[in-house]
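Engineer: sequence and predicted structure, then a few things I'm wondering about:
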Amino acid sequence: MSYFGIILSSVFAANALLSSGFGASRLARGNTKHLLPSFIALSLFSLFVAVILWTARRFLFIPFGLSALEVVLYMSLIVPLMKFISRVAAQSPGAFLRKVAESGDELAISSLVFGIALLSSKASYTLYEAAIAALASSLGYAAASELLGAIRERLELSDVPTSFKGAPTLLLSAGLMAMAFMGIDAVLIKNFVG
């Protein structure tokens, strides 16, 4: 698949939020403040973790049949490393970098970064393709969460029955968006871009 096809597939067909539910807890909390720093932190950490997981899968887990240890590697090595990087970045003098570090600190314990890295490392991509897929998945998550946030705001202003206010409308909206995003599946993308 071409790089453009990988990007389209990662943003739409294999959207981390809509197809797998990764990062739904951040969305349910309504955590949409500092969107740009959060997106940058998500992109950087997803890229970092995808490269580490791809390397570990390719040279350690698959040759020795240790694929079940991916979660152990993530929890024992990558999470503390991400926390350390976030803490170092939080000491920087720039306010923007501190906001990125705050978002990264929250992402370290979230399933979102691990889910994005796992999706890109298990797709039989090369290292460059896995990195592109991780960045595109971050973009897809940001797009889906921004769209769902806009829908949530719109529904809060609408006259919705009380039984549908809050989480039910968010779940219905997420389900409809998931169906729309997954309508652009990998086969369609492969036929479209090659």
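Structural biologist: Sure, I can see it. Everything numeric here is computed off the predicted structure, so don't read it as measured data.

Engineer: only C-alpha atoms from now on, for both contacts and neighbour counts.
Structural biologist: Noted.

Engineer: beyond the lengthiest helix in the chain, next helix or strand please.
Structural biologist: Assignment by DSSP state H gives helix 127-157 as the longest helix of the chain. Note on helix 127-157: by DSSP states H and E, the next helix or strand toward the C-terminus is helix 167-182.

Engineer: and that following helix, what other elements does it pack with?
Structural biologist: helix 127-157 (3 or more CA pairs under 8 Å, 6 or more residues apart in numbering; DSSP states H and E).

Engineer: now the helix it packs on against helix 167-182, angle please.
Structural biologist: Counting by axes from the mean of the first three to the mean of the last three CA atoms, to 10 degrees, helix 127-157 lies at 140 degrees to helix 167-182.

Engineer: is Asp93 in a helix, a strand, or coil?
Structural biologist: For the record, residue 93 is Pro, not Asp. Reduced to three states with DSSP: H, G, I helix; E, B strand; the rest coil, the structure at Pro93 is coil.

Engineer: Leu77 now?
Structural biologist: helix.

Engineer: what about it, neighbour count?
Structural biologist: 11 (other CA atoms under 10 Å).

Engineer: what does Leu53 give?
Structural biologist: 27.

Engineer: same deal with Arg87?
Structural biologist: 16.

Engineer: ok, now how distant is it from Phe96?
Structural biologist: 14 Å (CA to CA, to the nearest Å).

Engineer: Phe61 - nearest residue in space that isn't next to it in sequence?
Structural biologist: Leaving out its chain neighbours, the residue that sits closest to Phe61 by CA to CA, 6 or more residues apart in numbering is Ser67, at 4.9 Å.
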